[in-house]
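1. After the sequence you'll find the predicted model.
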Amino acid sequence: TPLPRFPRDFLWGVSTSAQQIEGAVDEDGRGRSAWDAFADGPGRIKDGSDARVATDHYHRYREDVALLRGLGVGAYRFSVSWPRIVPDGRGAVNPAGLDFYDRLVDELLAAGVEPVPTLFHWDTPQALETGDIGGSIAGGGSVAGRGSVAGGGWLARETSEHFAAYADTVAARLGDRVDRWITLNEPAELTLLGYGLGQHAPGRRLVFDALPAAHHQLLGHGLAVQALRARGATNIGIANSHGPTWPASRTEADSAAAALYDVLLNRLFADPLLLGRYPDEELAALLPGPVADDLKIISQPLDWYGINYYQPTLVGAPDPAAAGPAEFGGISLPPELPFAPREIEDRPRTDFGWPVVPEALTELLLSFRERYGASLPPVLITENGCAYDGVEDPDRITFLDAHLRALHDALSAGVDVRGYFVWSLMDNFEWAEGYARRFGLVHIDYRTLTRTPKSSYHWLRDTLRDQARG
Ligand SMILES: O=C(O)[C@H](O)[C@@H](O)[C@H](O)[C@H](O)CO
């Protein structure tokens, strides 16, 4: 059966991020990012690769914009590379970096595709992580004539302020042509995987001592909103990762574990923005700085709220009888974590092993309306997608079709959702998984960098044509 009809002004788009597609990491004055440094660490990336070339989008962006035009989407969510614009994360701006996004934005507008930049998608300038300035060097320490300052990346409050200064620089250059802005991508994942478990850059395994990185990202978001508004922006959102948390059983232990997981992965990153408070007093007490004042900055009203949805999480209490530390998604969890994610059974799985649960997207949106009510601005699904191999990808078509129906169910139930962005336009560098996981609508041959639209690309093009016919 054909897809239900979405509103005429529904925003259809696709998403990517700079570190995952651009390549050209040493070109035109770009500084080093935390992911450049992380990928240089042996065994950090499963297939031993790095993002030095990725899909070479930096040189092939015209071809990629032509693929967007061919798809018929109304918008393209990409990210701006902070180290390409401000190589050391603070101080000197790199004009050649801004020139690249000028060219990309002009190419998009000429193709009738709205540019939707994310200011930060995990590629923290390495100099902010290590404190080295004047040419980031892996491993920290200062070299004569180069100097060093407090490092620590998002563990450091300064990084929030440097982020706002960078946001202002980008808005000053692109604000005349960009209407819709995204401050951060998934602060929850960066906090958990980058600072908590060490699975992602910068590779810190601080467990609960990672919490300051959460607060400083949210503060950076708030300060960036102020900077964008000061430049006249009127259409600002964030792209937060969310998914329902299901208790593994009705036992008190499992319910408590699931509730804590939901606080740490969902509510810790939504409540401060939408309710102006942290979901838990004890947790808030662990955070550095004038939290109450910071919350005023963090909770400035947004014009819309972005949700990245992939899957629900089944959570139970750690199994005391378990032989070793709990594992989840190939990540060994620190024993002090009072919860353990469990595998969701009896569901189809993507080639990444993720369960396919479209109805959980409906559940998530209804629960958000329930919890945040009038504090929830219009919603955009800023990412949804799946990893499957092959140019012929019927499973991806089935996945997208089912999630669009689930989204339409939430719309019909009155949730104010205004758009949907597929992750991703093309296969790309899937972080610690390297190039082994393919999320694209367009296949990339990493030897020749040839782009080949997959059957899902054609399906989405026809679907959008059909929707436009109305
Ligand atoms: O959600 C994320 O983790 C990121 O935003 C993307 O960069 C990922 O590549 C995608 O989600 C697939 O995992």
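-> Received it, and whenever you're ready, just let me know what you need.

2. Quick check: can you name the pairing partners of the one helix or strand in the chain whose mean pLDDT sits lowest and their directions?
-> Among the helices and strands of the chain, strand 327-328 carries the lowest confidence by mean pLDDT, DSSP states H and E, at a mean of 72. Paired neighbours of strand 327-328 in the sheet (DSSP bridges): strand 331-332 (antiparallel).

3. Those residues of the stretch 1-150 of the chain touching the ligand, which are they?
-> Proximity of the stretch 1-150 of the chain to the ligand (C-beta under 6 Å from any ligand atom) is limited to residues S17, Q20. C-beta: built from backbone N, CA, C; applies to glycine.

4. mind showing which ranges of the stretch 1-150 of the chain have poor pLDDT?
-> For the stretch 1-150 of the chain, the stretches flagged by pLDDT under 70 are 131-150.

5. Repeat that for the stretch 201-350 of the chain.
-> If you take pLDDT under 70 as the line, the stretch 201-350 of the chain has no such spans.

6. count of neighbours near the residue of it found nearest the ligand?
-> Among the residues of the stretch 201-350 of the chain, N308 lies closest to the ligand, at 4.9 Å counting by C-beta to the nearest ligand atom. Other residues lying near N308 total 21 when counted by other C-beta atoms under 10 Å.

7. For it, which non-adjacent residue is closest in space?
-> Leaving aside its sequence neighbours, N308 sits nearest to E383 (C-beta to C-beta, 6 or more residues apart in numbering; 3.7 Å).

8. What of N240?
-> Here the nearest residue to N240 in space, its sequence neighbours aside, is F269; by C-beta to C-beta, 6+ apart that works out to 5.3 Å.

9. For the residue nearest the centre of the chain, report the pLDDT, please.
-> Centroid check for the chain by C-alpha atoms, centre = their mean gives N185 as the closest residue, at 3.4 Å. Listed pLDDT for N185 reads 98.

10. ranges for the helices of the stretch 251-400 of the chain?
-> Ranges of helices in the stretch 251-400 of the chain, per DSSP state H, counting those that start in this stretch, are 252-262, 268-274, 281-285, 291-298, 359-372, 394-412.

11. how near is the residue nearest to E336 when sequence neighbours are not counted to P341?
-> Once flanking residues are discounted, E336 sits nearest to V207: 6.1 Å by C-beta to C-beta, 6+ apart. Separation of V207 from P341 (C-beta to C-beta, to the nearest Å) stands at 15 Å.

12. So between the two, which is more surrounded?
-> Higher neighbour count among V207 and P341: P341, with 22 against 17, using other C-beta under 10 Å.

13. Please tell me how far the residue nearest to D409 when sequence neighbours are not counted sits from Y309.
-> Nearest residue to D409, sequence neighbours excluded (C-beta to C-beta, 6+ apart): T362, at 4.6 Å. T362 sits 10 Å away from Y309, going by C-beta to C-beta.

14. neighbour-wise, which of those two wins?
-> Comparing T362 with Y309 by other C-beta under 10 Å, the one with more neighbours is Y309, at 25 against 21.

15. Touching, that one and H242? I think so.
-> Yes: shown here, Y309 and H242 form a contact pair, counting by C-beta atoms under 8 Å, at 6.3 Å.

16. Please enumerate the shared neighbours of the two.
-> The contact sets of Y309 and H242 overlap at L364 (C-beta atoms under 8 Å, 6 or more residues apart in numbering).

17. Show me what from the stretch 151-300 of the chain comes close to the ligand.
-> Applying C-beta under 6 Å from any ligand atom, we find that the stretch 151-300 of the chain lies next to the ligand at N185, E186, E189, S241.

18. actually the stretch 301-450 of the chain, not the one I wrote
-> Counting by C-beta under 6 Å from any ligand atom, the residues of the stretch 301-450 of the chain close to the ligand are N308, E383, W423, E430, F439.

19. measure the residue of the stretch 1-150 of the chain found nearest the ligand to A54 for me?
-> The stretch 1-150 of the chain approaches the ligand most closely through S17 (5.1 Å), counting by C-beta to the nearest ligand atom. Counting by C-beta to C-beta, the gap from S17 to A54 is 10 Å.

20. overlap in contacts of those two?
-> Common contact partners of S17 and A54 (C-beta under 8 Å, 6+ apart): N428.

21. where exactly do the strands run in the stretch 351-470 of the chain?
-> Ranges of strands in the stretch 351-470 of the chain, per DSSP state E, counting those that start in this stretch, are 379-384, 417-423, 442-445, 450-453.
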